[in-house]
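In: give the three-dimensional model of this entry:
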Amino acid sequence: MAVTAVISAVGLVVDDRVLAGAPIWFKPFKFSVSFVAYCLTLAWMLSLLPHGRRVGWWAGTVVALASLVEMMIITGQVIRGKRSHFNHETPFDEALFNAMAVTVVILWLGTLAVAVLLLRARITDRASAWAMRSGIVLALAGAAVGFLMTQPAPGQRRGVSQVVGAHSVGVPDGGPSMPLTGWSTTGGDLRIPHFVGMHALQLLPLLVMLLTALAPRFGRLADDRVRLRLVLLASGAYAAAFALVLWQALRGQPLIHPDGATRGVAGLILAAAALGTYGSLRAQTPPSGQVADAEDASASKEVMA
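Out: Next up, the predicted model:
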């Protein structure tokens, strides 16, 4: 994927072809960069599993191979000057898109297997454990948004239209868009919740790393229970933000032009996150020695019982 990202970057410079309103090499560039982050994160998570590593190895291998096949199809279609997604122009193009759909399902199931392993694993640092668990569940939800894109848009008919499916909601694909991301500025765009959900896989573990790095300077963060509360709060706020941008996209509303309802919900999420952060940092926690004594006492009662 790293090599593909470099090749795609070169393609963006030397190939001036445009497809569906975007430089033709932009899609393989975005996908390859995203897969680099996705697969590295999964590999790191699998390395932390105390048990089930063999199953995890197979799941990770399935994800890697499915990603490879998908990128081969995307890049091959770019070379041909054709759309890779939603393309039903010829039987060959339709077969390629259907094959890509199968790889996405396989990739999703492989990630689900990793998620099950992480949910069952006993990882010592609870904040890290829940960051990974929340991150991979949200990533699965974000990936599932891709299935909504394959539904016929208004005016499209399966077996008749050359293009069936769309990123945009309420406007045709390829219209005015944001720089860098390519997200629509005139209608809803399902790529936004897809992106937000998928990258919870990186952002929530990064939050734990940040909290750990700040712990020497801020004593409260040295307490693993405080870090756990902050991670659970961040996971809840992130899930709410994901649901919000999905709701916004499904209503055909551009990200940069939210209506009053969207702004109101966003304000509630921000207020809840701020109050929750304050409460998490201010809440009193018993000294670790007392917690250990309580756990030992509970264990002794269980043994006696």
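
In: mind listing what the residue nearest to the spatial centre of the chain touches?
Out: The structure's the chain has its C-alpha centroid closest to residue 198; by Cα atoms, centre = their mean the separation is 0.7 Å. When contacts are counted by Cβ atoms under 8 Å, 6 or more residues apart in numbering, residue 198 touches 34, 38, 139, 142-143. For every residue, glycine as well, the C-beta is placed using N, CA and C.

In: let's have those in JSON lines, adding neighbour count and pLDDT.
Out: As requested, those are exported to JSON lines (neighbours: other Cβ atoms under 10 Å; pLDDT from 0 to 100):
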{"residue": "34", "neighbour count": "16", "pLDDT": "93"}
{"residue": "38", "neighbour count": "22", "pLDDT": "93"}
{"residue": "139", "neighbour count": "24", "pLDDT": "95"}
{"residue": "142", "neighbour count": "21", "pLDDT": "95"}
{"residue": "143", "neighbour count": "20", "pLDDT": "94"}
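
In: so which bits of the longest helix belonging to the chain are buried?
Out: Assignment by DSSP state H gives helix 91-120 as the longest helix of the chain. By neighbour count with 16 or more other Cβ atoms under 10 Å, helix 91-120 contains the buried residues 93-94, 96-97, 100-101, 103-104, 106-108, 110-111, 113-115, 117-118.

In: residues contacting residue 203?
Out: Taking Cβ under 8 Å, 6+ apart as the test, what residue 203 contacts is 135, 238.

In: next structured bit after the helix or strand where residue 3 lies?
Out: Assigning secondary structure by DSSP states H and E places residue 3 in helix 2-14. Remark: after helix 2-14, the chain's next helix or strand is strand 18-19, criterion DSSP H and E.

In: what residues does that next one touch?
Out: So strand 18-19 is contacted by 24, 78, 81-83 (Cβ under 8 Å, 6+ apart).

In: what about whatever helix or strand comes next after it, average pLDDT?
Out: Counting by DSSP H and E, the next helix or strand C-terminal to strand 18-19 is strand 22-23. Mean pLDDT, strand 22-23: 88.

In: neighbouring strands for strand 22-23, and are they parallel or not?
Out: Sheet pairing of strand 22-23 (DSSP bridges) gives strand 18-19 (antiparallel).

In: am I right that residue 50 is in a strand?
Out: No. Looking at residue 50 with DSSP: H, G, I helix; E, B strand; the rest coil, it is coil, so not inside a strand.

In: wait, it touches residue 122, no?
Out: Yes. Shown here, residue 50 and residue 122 form a contact pair, counting by Cβ atoms under 8 Å, at 6.2 Å.

In: can you map out the helices along the stretch 201-305 of the chain?
Out: With DSSP state H, counting those that start in this stretch as the criterion, the stretch 201-305 of the chain has helices at 224-250, 260-282, 288-304.

In: elements contacting the first one?
Out: Translated: helix 224-250. helix 126-149, strand 188-189, helix 191-198, helix 200-214, helix 260-282 (3 or more Cβ pairs under 8 Å, 6 or more residues apart in numbering; DSSP states H and E).

In: just the ones you listed: most buried one?
Out: strand 188-189 (a mean of 28; mean count of other Cβ atoms under 10 Å).

In: which residues sit against that strand?
Out: Contact partners of strand 188-189, identified using Cβ under 8 Å, 6+ apart, comprise 167-170, 183, 248-255.

In: swap the cut-off to 7 Å and go again
Out: 167-170, 183, 248-253, 255 (Cβ atoms under 7 Å, 6 or more residues apart in numbering).

In: what pairs with it, parallel or antiparallel?
Out: For strand 188-189, pairing defined by DSSP bridges yields strand 168-169 (antiparallel).

In: how about the contacts made by residue 244?
Out: 262, 265-266, 269.

In: state the helix or strand in which the closest residue to residue 56 other than its chain neighbours lies.
Out: With Cβ to Cβ, 6 or more residues apart in numbering as the measure, residue 46 is the residue that lies nearest to residue 56, at 4.4 Å, once sequence neighbours are left out. Using DSSP H and E, residue 46 sits in helix 26-47.
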